[in-house]
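> got a sequence here, can you model it:
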Amino acid sequence: MTATATAIVLTLAEAPGVMPVFVLATTTPGAVIWPCPRCWDEDGTIRMYSHVAGGVCFKCHGFGGAEMTLAAAQAKATKLLKGRITRARKAERERLAKLAARQDRIDALVAQHPGLAELLDETVTGHARPAEPGEDADGHGWDYETDREYPMVIVKPLGDFVYTMATTLRHQPERMTAKRCTAAVEAIAKARARAAAHQAKLAAAGEVPTGRIVITGTVMALWEKEATFGYRATTTLKMRVETTGGWVGIGTVPHGFWGTGGFDGDYRGLKGATVKLTATVEPAAQQREGELPVGWLARPAKAEVLALTSKLTVVE
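Coordinates of the predicted model:
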């Protein structure tokens with residue numbers, strides 16, 4: 001028995017969105033081949049692919065069964081489609097019930113902790129947008145109109161923690177315990193205070209000077225940078241200093257810091273310390289919008305630690 005390449009689609013008019021049933025027309029007048037799970041070939045069925053296309057044979061693709069009349073196929077397809085419709089409607093009712101229960105939980109949490117209402121505003125807590133050309137992406141989204149993937153950036157105006165709490169509240173409110181709700185409300189207030197302080201710094205920031213000058217400021221961050229020359233790898237300790245002039249200096253941690261101002265040599269203790277040094281300053285070629293102006297510090301000298309905010313003791 002041979003079959004033509006013409007497929008007959010059996011579906012119901014009252015079943016929008018439900019997958020139709022496909023059968024294959026045969027050379028026998030008024031007959032079709034109903035999709036079968038096996039073609040009786042001992043090498044034809046792959047059990048590991050049983051979740052694909054209803055577990056049909058990969059050789060005959062399910063079209064190896066017996067013939068039946070078109071009327072019988074339509075009756076069988078009608079019964080099959082009605083079952084699909086029933087399951088689809090049940091799944092939709094369950095989905096709507098879950099959404100309603102989630103919204104009730106969110107409303108109850110907001111009633112108990114009014115400060116959580118801000119977490120529901122994506123413009124406040126964070127949102128995703130398409131990445132600009134050359135911008136580092138945080139993930140990928142899907143454009144359903146063009147059916148293509150695109151890089152996206154997640155904007156977090158109030159920081160990672162507030163964004164995480166907002167996402168949890170919107171999608172998993174059952175995980176928002178009383179302790180987390182309180183922490184989220186406090187985090188919003190702290191984030192707003194930090195944002196206001198940062199805006200004040202930006203307003204008072206001056207231009208990055210050029211040349212060899214004396215710098216006084218606070219060490220805000222430290223990190224190690226590795227470089228390989230030939231067969232040897234070297235590690236350089238870098239620092240980020242927020243100067244009293246309102247700009248940020250980035251350069252190598254000078255050896256002069258060691259042994260001054262009570263600094264015992266553990267570089268982690270430099271974070272938050274007030275320091276003073278002489279360096280050659282050059283403004284960065286590219287400045288980021290919304291951040292303090294940056295300058296590169298070269299050939300640091302006459303360095304000393306004026307005050308330490310914390311004293312770390314290293315136990316061997």
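> only C-alpha atoms for contact and neighbour calcs from this point on.
Will do.
> pLDDT weak spots in the stretch 151-300 of the chain?
In the predicted model of the stretch 151-300 of the chain, residues 230, 259-265 satisfy pLDDT under 70.
> give me that answer again for 80
The model of the stretch 151-300 of the chain has pLDDT under 80 over residues 227-234, 258-269, 289.
> helices of that one, residue ranges please.
Secondary structure of the stretch 151-300 of the chain by DSSP state H, counting those that start in this stretch: the helices cover 160-171, 178-204.
> so the last one versus helix 160-171, what angle?
Calculated by axes from the mean of the first three to the mean of the last three CA atoms, to 10 degrees, helix 178-204 forms an angle of 130 degrees with helix 160-171.
> show me the protein divided up by domain.
3-89, 113-202, 211-307 (automatic domain parsing).
> L119 is in contact with V110, correct?
No - under the criterion of CA atoms under 8 Å, V110 is not in contact with L119, lying 9.6 Å apart.
> okay, those two: which has more neighbours?
When neighbours are counted by other CA atoms under 10 Å, V110 and L119 differ, and L119 comes out ahead with 24 against 18.
> shouldn't the more buried one be within a helix?
Yes - under DSSP: H, G, I helix; E, B strand; the rest coil, L119 sits within a helix.
> contact partners for it?
125, 162, 165-166, 169 (CA atoms under 8 Å, 6 or more residues apart in numbering).
> same check on P209?
If a contact means CA under 8 Å, 6+ apart, then P209 has 281-283 as its contacts.
> hmm, try it at 7 Å
Applying CA atoms under 7 Å, 6 or more residues apart in numbering, one finds that P209 lies in contact with V281.
> show me where the stretch 51-200 of the chain has strands.
When assigned using DSSP state E, counting those that start in this stretch, the strands of the stretch 51-200 of the chain occupy the ranges 67-69, 127-130, 139-143, 148-155.
> quick one on the thing from earlier: reformat the helices of the stretch 151-300 of the chain as CSV; add distance to E304 and mean neighbour count.
Supplementary listing: the helices of the stretch 151-300 of the chain in CSV, determined by distance: least, CA to CA, whole Å; neighbours: other CA atoms under 10 Å:
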stretch, distance to E304, mean neighbour count
helix 160-171, 35, 19
helix 178-204, 25, 15
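> dump those helices into JSON lines; add distance to A100 as well.
Output for those, formatted as JSON lines (distance: least, CA to CA, whole Å):
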{"stretch": "helix 160-171", "distance to A100": "12"}
{"stretch": "helix 178-204", "distance to A100": "21"}
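> looking at these, which is nearest to W247?
helix 178-204 (9.0 Å; CA to CA).
> which elements pack onto the closest one?
Contacts of helix 178-204 with other secondary structure elements, assessed using 3 or more CA pairs under 7 Å, 6 or more residues apart in numbering; DSSP states H and E, are made with helix 160-171.
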